[in-house]
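# quick one, what's the 3D model for this:
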Amino acid sequence: MKTKRKINRASGALAIGVAAALVLLAAGSAAAQARIDGIVGVTNLNFTAMAGEVSTPDGGSLHFWGYEDLGNHEGVGIPQYPGPTIILNQNDSLTITLVSELPFGQCTSMVFPGHAVTASGGSAGLLTQESCGDADTVTYSFTAGQPGTYMYHSGTEAELQVEMGLVGAIIVRPVDGEGYAYNVDTDFDHEYLFLLTSMDPGVHAQVEQGDFANLDMTEYYPVYWFINGRAGPDDLADAFVSWLPHQPYNATPRMHPGEKLLMRIIGAGQGQHPFHFHGNNADQIARDGRLLVHPRSKFTTLSVPGETVDQIFTWTGAQLGWDLYGPAAGCTDADNNMEDDDNPGATCHDNICSANDLVDNETGLALPEGLENPWAPGDGFDDTNWEYCADHGKGLPVTLPEKQNMAFGGWWSGSPFMGDVQPLPPGEGGLNPFGGYFFMWHSHAEKELTNFDIFPGGMLSMMVVEPPYVAIP
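Predicted structure coming up:
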């Protein structure tokens with residue numbers, strides 16, 4: 001008879017970890033990457049499955065199993081959670097050699113949904129060839145014939161081994177180039193990965209002790225949720241920070257107004273996650289590495305186990321009702337850095353809206369009524385700063401209270417205008433050095449916004465729309 005595990009609820013929170021991660025986001029935002037971190041262009045890889053410890057923002061750690069890249073292509077050299085993101089070009093041939101150094105002599109294997117794989121060596125398993133020790137080597141090979149977002153994971157007792165961390169992402173870029181998701185009709189400016197997983201600490205404790213006989217995955221009860229291997233707010237810190245050695249990847253999406261952001265979402269765990277993105281709907285263009293005939297507009301994407309979703313998100317600021325960049329009267333901006341030359345720190349911008357920008361090219365209607373075709377030339381937006389022409393020069397339609405009557409969030413710049421940073425009381429703000437607009441992207445399941453019942457945490461991050469002059473690498 002299998003024993004039942006009981007979860008002991010954590011009773012405290014470590015606010016220090018939250019504050020530290022948020023400060024790192026502000027300090028490191030200029031260095032954050034708009035391209036997905038991973039192993040790029042390497043088509044022969046050597047992975048070892050082995051054990052390690054992942055960190056949680058509430059000060060805990062969990063035993064996990066992960067893949068180590070013996071070639072050390074990312075400079076990690078230890079097992080990581082999730083496994084290394086593999087970035088290929090269409091028609092590349094990939095070969096992965098796998099050995100198992102898992103504790104207690106556990107066998108493991110790899111499967112690659114969406115690809116026709118040849119496996120050789122090792123020992124025969126239920127789904128594919130397995131490695132059952134460091135002298136038992138198995139090799140997997142396939143050709144990446146179709147672009148898209150894919151996952152790889154253990155094919156041995158997947159309900160347990162994926163939970164333990166043996167999972168990762170594969171991105172295949174099309175022949176048209178890295179600026180496209182699938183073809184020339186799916187161009188984007190920035191891309192980010194959102195690999196969603198969860199963990200039940202009871203399972204991980206039993207595995208660490210070798211208590212496999214009493215494991216009952218029907219009683220699975222997760223209390224930690226992760227994006228790219230980190231629970232919030234750790235996912236806001238820079239990638240490859242030294243204090244998260246087993247969790248190299250972050251999740252800090254950034255963009256400029258009017259740009260297209262490609263969201264690559266992977267359901268890599270056992271549960272469904274309603275992933276919600278504030279700021280706008282997104283156009284879902286593909287699932288499981290295959291283009292949809294008709295894109296679907298979503299405000300929340302239900303991520304299900306084993307499924308990948310690609311979608312395009314944009315933010316324009318259209319019809320806010322006020323000038324996105326603030327009043328421009330009396331400003332001199334000779335160096336075109338969006339700053340008043342006579343008043344450093346003050347917003348100043350030119351509005352470059354031609355008469356053609358005020359009429360929709362397809363309908364001939366005057367904007368804002370003509371927004372049915374927002375991406376055509378003459379789209380109603382400033383050609384330089386992507387300001388909504390109809391709102392140029394409009395003041396904020398409300399009167400802000402005096403500072404002594406306001407409650408300040410860490411991302412409040414002191415001004416409602418993009419790129420404008422105003423003085424704040426000591427100790428307030430500080431997480432928005434460029435005056436961007438921040439939107440929380442997170443699971444819409446309340447419990448998944450906690451770390452062992454401690455809020456905020458879990459499956460959450462912040463997306464920031466930066467002023468046009470801020471560099472996003």
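# tell me where the stretch 51-200 of the chain has strands.
With DSSP state E, counting those that start in this stretch as the criterion, the stretch 51-200 of the chain has strands at 61-69, 86-89, 93-100, 118-121, 123-124, 129-130, 138-143, 148-153, 167-173, 190-199.
# okay, those in TSV with distance to residue 456, mean pLDDT and mean neighbour count next?
Where you see a C-beta, it was placed from the backbone N, CA and C, and this is true even at glycine. Supplementary listing: those in TSV, determined by distance: least, Cβ to Cβ, whole Å; pLDDT from 0 to 100; neighbours: other Cβ atoms under 10 Å:
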stretch	distance to residue 456	mean pLDDT	mean neighbour count
strand 61-69	19	97	23
strand 86-89	31	97	21
strand 93-100	37	98	20
strand 118-121	43	97	15
strand 123-124	45	94	11
strand 129-130	40	97	23
strand 138-143	39	98	20
strand 148-153	27	98	24
strand 167-173	25	98	25
strand 190-199	16	98	24
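# out of the ones you listed, which is closest to residue 245?
Closest approach to residue 245 among the strands of the stretch 51-200 of the chain is made by strand 61-69 (11.1 Å; Cβ to Cβ).
# so how far is the closest one off the chain centroid?
20 Å (Cα atoms, centre = their mean, to the nearest Å).
# who touches it?
39, 45-56, 76-84, 102, 108, 161, 164-166, 168, 199, 201, 204-205, 207-208, 224, 246 (Cβ atoms under 8 Å, 6 or more residues apart in numbering).
# what about residue 410, neighbour count?
Residues lying near residue 410 (other Cβ atoms under 10 Å) number 17.
# residue 267: neighbouring residues, count only.
23.
# any idea how far residue 353 is from the residue lying closest to it once chain neighbours are set aside?
Spatial nearest neighbour of residue 267, chain neighbours left out: residue 303 (4.1 Å); criterion: Cβ to Cβ, 6 or more residues apart in numbering. Residue 303 sits 39 Å away from residue 353, going by Cβ to Cβ, to the nearest Å.
# okay, those two: which has more neighbours?
residue 303 (24 against 20).
# hey, what's residue 140 bridged with?
residue 96, residue 119 (DSSP bridges).
# I misspoke; the intended subject was residue 461.
Here residue 461, judged by DSSP bridges, has bridge partners residue 441.
# ok, it - contacts?
Here residue 461 is in contact with 227, 232, 235-236, 251-253, 440-442 (Cβ under 8 Å, 6+ apart).
# could you dump those to a markdown table with neighbour count?
Output for the contacts of residue 461, formatted as a markdown table (neighbours: other Cβ atoms under 10 Å):
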| residue | neighbour count |
| --- | --- |
| 227 | 28 |
| 232 | 28 |
| 235 | 28 |
| 236 | 25 |
| 251 | 25 |
| 252 | 22 |
| 253 | 25 |
| 440 | 16 |
| 441 | 21 |
| 442 | 23 |
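# distance to residue 313 added to these, as JSON lines?
Below are the contacts of residue 461 laid out as JSON lines (distance: Cβ to Cβ, whole Å):
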{"residue": "227", "distance to residue 313": "15"}
{"residue": "232", "distance to residue 313": "19"}
{"residue": "235", "distance to residue 313": "18"}
{"residue": "236", "distance to residue 313": "18"}
{"residue": "251", "distance to residue 313": "14"}
{"residue": "252", "distance to residue 313": "14"}
{"residue": "253", "distance to residue 313": "8"}
{"residue": "440", "distance to residue 313": "14"}
{"residue": "441", "distance to residue 313": "9"}
{"residue": "442", "distance to residue 313": "14"}
